[in-house]
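Q: Sequence plus predicted model, see below.
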Amino acid sequence: MKKLVLSLAALTLSFVALGQGNNYAQNYQKFEGLAMTPPMGWNSWNKFACNVDEKLIRETADAMVSSGMKAAGYTYINIDDCWHGDRDSLGFIQADPKRFPSGIKALADYVHSKGLKLGIYSDAGSQTCGGRPGSRGYEFQDAQMYAQWGVDYLKYDWCNTEGLKAEGAYKTITAALRKAGRPMVLSICEWGTDKPWEWGPAVGHLWRTTGDIYNCFDCVKDHGTWKSWGVMQILDQQEGLRQYAGPGQWNDPDMLEVGNGMAVNEDRAHFTMWSMLAAPLIAGNDLRQMSKETLAILTDREVLAINQDKLGIQGLKYSAKDSLETWLKPLDGGKWAVAFLNRAKVPQKVSFDWKKTPITDALSKRELNANKTDYKIRNVWAKKSQGTTKKAFEATVPAHDVVLVVLAE
Ligand code: GLA
């Protein structure tokens, strides 16, 4: 009995030691319970690149609220590259005093006062992609600073990482965040090079699947030593990844270019496909001055409901013929989202005979069979009901656009 009491006491002591932050025992698991649906927010990079400062971030937080984006579900205000100043004499990272004179803590307080959350950016290597100080060798110090500042989300990039192993490097920052103790979403930005979908789910909440997005519908931008990708090119690179997505873990086909200069129909198609993919919806435009069309796309409640569906099943490409693709996404409550995507530069007719096309999705074990169930059809962007699946669905899809329907019993 005495022995039992003693060993119980020893056990309790070792738990206490762990709780107090024993430096020999690291926790390499992400914070659970965050990002149970795809994260929604804004990030500075796509529109502003290195031109970030506290005024922009505050004004963006204001605009997120006043535009109605917050009410639609957007939460994160994420500062991307180039916020950094120098490290102090002990190696702790400081914000650029010219761009962020009030410091990141004051900014986080401001963002929180609006009911929003703040994200920040670093890099696993010696320098960020924009040449600012990277976290290599400073992981635990950086995580401490982010936690002290009240940061809620970290995007962690992969430039200048010669000699590092991706999984190990991301595990290290996760352990550092754990040690710092403030729950943060970890956005793995490793561009899909080392198959982050295989190891990412334990370590982070989302992982980039590709190189950077480029603001065009269907093109590749060659920068010499690297390329960035149009919306269609990114879409094509999602093939084979849907099994890795689910609540708390998302494939990230990069941030949105909606409102950054593509035609409205192209923005609509881009936003629709990201919603079908259960992708994180991180707006990348100037929220302080967006057109009515841009705002309407970004805040469409029915499309957001498809993206944010609680089952978290990534959509699948069912068929592709003559630049016309049919995508399906199983939704909660026996519903389905179906997107007809026209990649061509001319309008195309769709005729989809549900009864002749029973579909089984092996991954979700869901069946769309109009011979067994009569579904009502809602045309989402047209905002109207469009009959049932008793009859074939007929529509014309404009060039570089989508027709999106939701089927419900
Ligand atoms: C990389 C990332 C981008 C952006 C830039 C910043 O290219 O993939 O999303 O963060 O770095 O320099």
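A: Great, that's in hand.

Q: Can you give the contact residues for stretch 50-58?
A: Stretch 50-58 is contacted from outside by 44, 48, 77, 79-83, 98-102, 106-107, 110-111, 130, using Cβ atoms under 8 Å, 6 or more residues apart in numbering. C-betas here are computed from N, CA, C, even on glycine.

Q: Distance from it to the middle of the chain?
A: 21 Å (Cα atoms, centre = their mean, to the nearest Å).

Q: Compute the first-to-last residue distance for it.
A: 16 Å (Cα to Cα, to the nearest Å).

Q: Quick one: mean pLDDT for that stretch?
A: Mean pLDDT, computed over stretch 50-58, is 98.

Q: hmm, that stretch touching the ligand?
A: No - counting by Cβ under 6 Å from any ligand atom, the ligand is not contacted by stretch 50-58; separation bottoms out at 7.5 Å.

Q: tell me the phi and psi of Glu394?
A: Phi and psi for Glu394, reported as degrees, to the nearest 10, are phi -120, psi 130.

Q: Tell me how far it lies from Val350.
A: Between Glu394 and Val350 the computed distance is 7 Å (Cβ to Cβ, to the nearest Å).

Q: Tell me which of those two has more neighbours.
A: Taking neighbours as other Cβ atoms under 10 Å, Glu394 and Val350 compare with Val350 leading, 15 against 12.

Q: What is whichever strand or helix holds the more buried one packed up against?
A: For Val350, the host element (DSSP states H and E) is strand 348-352. In terms of contacts (3 or more Cβ pairs under 8 Å, 6 or more residues apart in numbering; DSSP states H and E), strand 348-352 is packed against strand 324-330, strand 336-342, strand 393-397.

Q: Turn those strands into TSV, columns for distance to the ligand and mean pLDDT.
A: Formatted as TSV, these follow (distance: least, Cβ to the nearest ligand atom, whole Å; pLDDT from 0 to 100):
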stretch	distance to the ligand	mean pLDDT
strand 324-330	25	98
strand 336-342	24	98
strand 393-397	30	98
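
Q: the strands in the stretch 1-150 of the chain, which residues?
A: 40-43, 76-78, 84-87, 93-95, 117-123 (DSSP state E, counting those that start in this stretch).

Q: out of those strands, which comes closest to the ligand?
A: strand 117-123 (6.1 Å; Cβ to the nearest ligand atom).

Q: so which residue of the stretch 301-409 of the chain comes closest to the ligand?
A: Asn307 (20.0 Å).

Q: Toward the C-terminus from the strand holding Val350, list the very next helix or strand.
A: Following strand 348-352 in sequence, per DSSP H and E, is strand 359-361.

Q: and Asn160, what is it in contact with?
A: Asp123, Gly125, Ser126, Gln127, Thr128, Cys129, Gly134, Arg136.

Q: Next one: it from the ligand, what distance?
A: To the ligand, Asn160 is 11 Å away according to Cβ to the nearest ligand atom, to the nearest Å.

Q: And for Asp62?
A: 23 Å.

Q: Ala175 too?
A: Distance from Ala175 to the ligand, by Cβ to the nearest ligand atom: 23 Å.

Q: Isn't that residue up against Phe31?
A: No - under the criterion of Cβ atoms under 8 Å, Ala175 makes no contact with Phe31, lying 11.8 Å away.

Q: all helices of the stretch 151-300 of the chain, in order?
A: Using DSSP state H, counting those that start in this stretch, the helices assigned to the stretch 151-300 of the chain run over residues 166-180, 196-203, 231-236, 264-276, 292-298.
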